[in-house]
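K.L.:
Fold the following.
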Amino acid sequence: MRELSAYFCPRCGHYAYFQLPKNAVCYGCRVNMRRIDMPYQRFMDMDCEERDRYISCRIIETSPSLAQRICAPDKLYDQRRLIGQLTEEYTKLETENQSLNQTVDWMHKTIWEQLRRMKELEVKVREMEQRREM
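P.N.:
You can find the predicted model right below:
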């Protein structure tokens, strides 16, 4: 029987114990967890603070994009950039809306023109039928 190994999530830091690596998936983040490179019993002998410090160091070591994730909230709340993006999106949607309205107007005009032609043809057909009957 395989021994338990400790695994941690590189995103949230959650840790758990598994026998098989394929089962080591973080319940919250749904990503594969990474194996902690120490025996299970040694990890269990650590207190909570030591475990947290150890896992924090492993996350920093294994995550080159950590600085990007730390700065992400600042980028998210950059109002000038956000307003610029929204203005650009609004302009794009406004242009698309104009194009769609023109298409609808053209279709509406075409449909009414076709209906008018059909009515004219119906009238002509009736007139021809009346002439034949005479």
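K.L.:
chain center to the helix or strand encompassing residue 50: distance?
P.N.:
Using DSSP states H and E, residue 50 falls within helix 48-62. In terms of Cα atoms, centre = their mean, to the nearest Å, the centre of helix 48-62 is set 30 Å apart from its chain centre.
K.L.:
buried set for it?
P.N.:
51, 54-55, 58-59 (16 or more other Cβ atoms under 10 Å). Every residue, glycine included, has its C-beta placed from N, CA and C.
K.L.:
Report the two of the residues you listed separated the most.
P.N.:
51 and 59 (12.4 Å; Cβ to Cβ).
K.L.:
packing partners for the helix holding residue 50?
P.N.:
Contact analysis of helix 48-62 by 3 or more Cβ pairs under 8 Å, 6 or more residues apart in numbering; DSSP states H and E lists strand 5-8 as its packing neighbours.
K.L.:
make it 10 Å
P.N.:
strand 5-8, strand 15-18, strand 34-35, helix 40-45, helix 66-76 (3 or more Cβ pairs under 10 Å, 6 or more residues apart in numbering; DSSP states H and E).
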